[in-house]
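# The following block contains a protein sequence and its predicted model.
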Amino acid sequence: MQIRDSVAIIVGGASGMARATAELLAEEGARVAIFDLASSKGEEVAGTLPGDAIFRAIDIMDYDGVGTAIEEVFGHYGALHIGVNLAGGQIGGPARTFSKKGPHDLDNFAKTLELNTVGSFNFLRLCAEQMAKNEPNDDAERGCVISTASIAAFEGQIGQVSYAAAKSAIAAMSFVAARDLGNIGIRVNAIAPSLFNTGLVQQAPQEMKDALVAGAAFPNRMGEPREYALLAKAIIENPMLNGGTIRLDAAQRFGPR
Ligand SMILES: NC(=O)c1ccc[n+]([C@@H]2O[C@H](COP(=O)([O-])OP(=O)(O)OC[C@H]3O[C@@H](n4cnc5c(N)ncnc54)[C@H](O)[C@@H]3O)[C@@H](O)[C@H]2O)c1
């Protein structure tokens, strides 16, 4: 799918990997809508992008509100071709399935699934609803949706049981959703990053960062937000990439801790 003149929604676009993706797609000529929390710098970031980017304040866990905002983007630009969702994370601190403190908090487990799995699926299904209205391109393609998993989906560490469950559900969803949406020309993929230099990690001392990526084959450093954006661009542009969960990890495999 061609990026120039396409319409893209980037969830979480006020910072980190999502912001880098919004920037790259706008540089490449896409019309970008940043979705992020009202408390974020989304408005400011949208103002820095080339083109006619807009910001919509949403919470990915306000499932109806996300649907309304997606519809508004379609109404504003007259189409929707690309949806990239990076809102996610673990709710509650690290916790074992059972420990001296007792069994894992069930509410935190359920909320982590709501934020990552339900939030991603809701975004995917409601993007598909709007993308189905697009005129197909010469390759019969109408849209491309990218969700964000994690390598914790495959080798989650001790304390990450809720996050690993939520992210592996995202990985599993991509393939089935790609099958579901193939008849209308919508592709679905997920990106599974290792450790990326964003958020709180950015402020960590260099020795701590080095220790976290010691198991990577090469390069021995955290990923940079722009590297996520480059993979998103490759997925959007290559019609044969569909139904996959692509690791972006410098051959790192998490150990148990
Ligand atoms: N950084 C890493 O090392 C890493 C590794 C693997 C996977 N991930 C995944 O990447 C995504 C986060 O990317 P990042 O590290 O660039 O994060 P980040 O913290 O820099 O940015 C996340 C953005 O999402 C927004 N956001 C948070 N909760 C939201 C909600 N409920 N609704 C809407 N927006 C919300 C934030 O305001 C922020 O702008 C998450 O899904 C995370 O699980 C991150």
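Sure thing, it's come through.

# Ramachandran coordinates for residue 98?
Torsion angles at residue 98 (phi, psi; degrees, to the nearest 10) stand at phi -150, psi 140.

# so what's it up against?
Residue 98 makes contacts with residue 104, as judged by Cβ atoms under 8 Å, 6 or more residues apart in numbering. Every residue, glycine included, has its C-beta placed from N, CA and C.

# any idea how far the ligand is from residue 25?
Residue 25 sits 15 Å away from the ligand, going by Cβ to the nearest ligand atom, to the nearest Å.

# check which helix or strand covers that residue.
If you go by DSSP states H and E, residue 25 is part of helix 16-27.

# by contact count, what packs against that helix?
Packing partners of helix 16-27 (3 or more Cβ pairs under 8 Å, 6 or more residues apart in numbering; DSSP states H and E): strand 7-11, strand 31-36, helix 42-48, strand 82-85, helix 225-237.

# tell me the mean pLDDT over that helix?
Helix 16-27 carries an average pLDDT of 98.

# List the buried residues in it.
16-26 (16 or more other Cβ atoms under 10 Å).

# I'd like the helices and strands packed on helix 16-27 laid out as JSON lines, including distance to the ligand and mean neighbour count.
Formatted as JSON lines, those follow (distance: least, Cβ to the nearest ligand atom, whole Å; neighbours: other Cβ atoms under 10 Å):
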{"stretch": "strand 7-11", "distance to the ligand": "6", "mean neighbour count": "29"}
{"stretch": "strand 31-36", "distance to the ligand": "5", "mean neighbour count": "28"}
{"stretch": "helix 42-48", "distance to the ligand": "7", "mean neighbour count": "17"}
{"stretch": "strand 82-85", "distance to the ligand": "8", "mean neighbour count": "28"}
{"stretch": "helix 225-237", "distance to the ligand": "6", "mean neighbour count": "20"}
